[in-house]
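Enquirer: Provide a 3D model corresponding to the input given below.
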Amino acid sequence: MNASHEFPSFEVLLPDLNKFILELVEDHQAGKINSWEKLEEKVNIFFTPEQMEHVESVIPHWCKMASYADGLTLVHVMCVFMGLYMMPEFFSLAKEQQGVMKWVILFHDVEKEVQNVKRDHAHAFRSAVGAARTLPTLGFPVRPEYDSLIDDWDEFTRSAITKLENSPDHVQDNGNLPTILDGIERMFGHKTPATLIIKTILFHLSVDMQLWPPAAPLTDEEVIKYFDSELVLMLRVMNLGDNEGWSMFDVSRESLRYDTLEAFKKVEGLISD
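Expert: This next block holds a predicted model:
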């Protein structure tokens with residue numbers, strides 16, 4: 001990403017939400033939030049109907065996302081932000097990359113639909129579409145082709161699903177990635193903040209892990225074809241944060257962190273060869 005690119009600030013557009021996340025981090029570090037239940041209580045107090053509608057006005061689909069499984073994903077996203085704001089890997093990013101990562105976290109599950117604790121294996125592609133739809137309304141620049149491409153690209157990317165053998169669940173269809181990625185760059189440009197946000201969301205369920213493997217990970221050949229060093233940097237922070245969002249109060253926290261770091265060592269080796 002070119003450091004000269006300017007883009008909207010999460011803190012400016014959603015200052016109350018940013019302040020709330022910082023307060024959660026402070027309370028966690030003070031030992032006041034030491035369980036998922038205590039975090040859930042704080043989240044439920046903050047997200048009044050008025051606050052939900054305000055975030056929805058900036059991030060469409062927010063209320064629908066939060067409606068599933070009694071707000072499970074909403075609490076998860078707040079927990080991911082907490083992990084992000086305490087993570088050394090986040091603070092080692094350049095300032096512009098930190099700004100990008102905040103938008104990634106905000107959007108990464110925005111079109112996730114969890115029902116009966118059933119995992120939604122295709123939500124990364126849909127959430128990437130949600131980001132591509134919304135970022136221009138926030139002030140992220142687009143290329144002249146955006147208006148003529150977005151509707152068809154949206155429909156194509158949302159329909160890029162398949163089923164694994166002996167499984168009833170839909171998963172992302174990685175065979176459609178060349179067309180999806182081409183569309184992102186035609187609409188938002190090459191190595192721009194918006195492109196990096198959308199690609200990081202698109203691929204956040206794509207890196208193979210030992211302890212919490214995604215349903216449709218990329219092959220080594222696909223990693224080499226689609227990833228570059230900056231995208232890998234962002235995906236590592238995204239995946240570390242995603243783990244924090246489920247394991248911050250669990251004994252598995254450190255083992256999941258280690259597993260993620262090991263997985264990205266392999267990825268880094270593949271793209272550097």
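Enquirer: following the chain past the helix or strand residue 98 falls within, name the next helix or strand.
Expert: Here residue 98, judged by DSSP states H and E, is contained in helix 95-107. Using DSSP H and E, the helix or strand that follows helix 95-107 in sequence is helix 123-138.
Enquirer: alpha carbons of the helix holding residue 98, as PDB, please.
Expert: Extracted as PDB, the C-alpha positions of helix 95-107 are listed here (Å, rounded to 0.1, in the frame of the first residue of the first chain):
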ATOM      1  CA  LYS A  95       0.300   3.900  11.000                       C
ATOM      2  CA  GLU A  96      -1.600   3.600   7.700                       C
ATOM      3  CA  GLN A  97      -1.700  -0.200   8.000                       C
ATOM      4  CA  GLN A  98      -3.200   0.200  11.500                       C
ATOM      5  CA  GLY A  99      -5.900   2.400  10.100                       C
ATOM      6  CA  VAL A 100      -6.700  -0.200   7.500                       C
ATOM      7  CA  MET A 101      -6.800  -3.000  10.000                       C
ATOM      8  CA  LYS A 102      -9.400  -1.200  12.100                       C
ATOM      9  CA  TRP A 103     -11.700  -1.200   9.100                       C
ATOM     10  CA  VAL A 104     -10.900  -4.800   8.400                       C
ATOM     11  CA  ILE A 105     -12.000  -5.800  11.900                       C
ATOM     12  CA  LEU A 106     -15.100  -3.800  11.700                       C
ATOM     13  CA  PHE A 107     -16.200  -5.400   8.400                       C
END
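Enquirer: packing partners for it?
Expert: Packing partners of helix 95-107 (3 or more CB pairs under 8 Å, 6 or more residues apart in numbering; DSSP states H and E): helix 10-13, helix 72-85, helix 88-91, helix 123-138, helix 193-202, helix 229-247. Placement of C-beta: from N, CA and C, glycine included.
Enquirer: a markdown table for those, including distance to residue 58 and mean pLDDT?
Expert: Shown next, in a markdown table, are the helices and strands packed on helix 95-107 (distance: least, CB to CB, whole Å; pLDDT from 0 to 100):
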| stretch | distance to residue 58 | mean pLDDT |
| --- | --- | --- |
| helix 10-13 | 6 | 97 |
| helix 72-85 | 14 | 97 |
| helix 88-91 | 22 | 97 |
| helix 123-138 | 7 | 98 |
| helix 193-202 | 15 | 98 |
| helix 229-247 | 20 | 97 |
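Enquirer: got a list of contacts for the helix holding residue 98?
Expert: For helix 95-107, contacts defined as CB atoms under 8 Å, 6 or more residues apart in numbering pick out 1, 3, 5, 7, 9-11, 14, 59, 77, 80-81, 84, 90-91, 93, 127, 130-131, 134-135, 193, 196-197, 200-201, 204, 230, 233-234, 237-238, 241.
Enquirer: repeat that with 6 Å
Expert: 3, 10, 80-81, 84, 127, 131, 193, 196-197, 200-201, 237-238 (CB atoms under 6 Å, 6 or more residues apart in numbering).
Enquirer: mind giving me the PyMOL command for buried ones among those residues?
Expert: Buried residues among the contacts of helix 95-107 (16 or more other CB atoms under 10 Å), as a PyMOL selection:
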select buried, resi 10+80+81+84+127+131+193+196+197+200+201+237+238
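Enquirer: from the contacts of helix 95-107, which single one is nearest residue 210?
Expert: Residue 210 lies nearest to residue 238 out of the contacts of helix 95-107, by CB to CB, at 17.8 Å.
Enquirer: is it true that that closest one touches residue 204?
Expert: Yes. Counting by CB atoms under 6 Å, residue 204 is a contact partner of residue 238 at 5.0 Å.
Enquirer: related to what we said a few turns ago, so which of the helices and strands packed on helix 95-107 gets nearest residue 155?
Expert: Between the helices and strands packed on helix 95-107, helix 123-138 lies closest to residue 155; by CB to CB that is 9.1 Å.
Enquirer: angle of the helix or strand just after the closest one against helix 193-202?
Expert: Per DSSP H and E, the first helix or strand lying C-terminal to helix 123-138 is helix 146-158. In terms of direction (axes from the mean of the first three to the mean of the last three CA atoms, to 10 degrees), helix 146-158 departs from helix 193-202 by 10 degrees.
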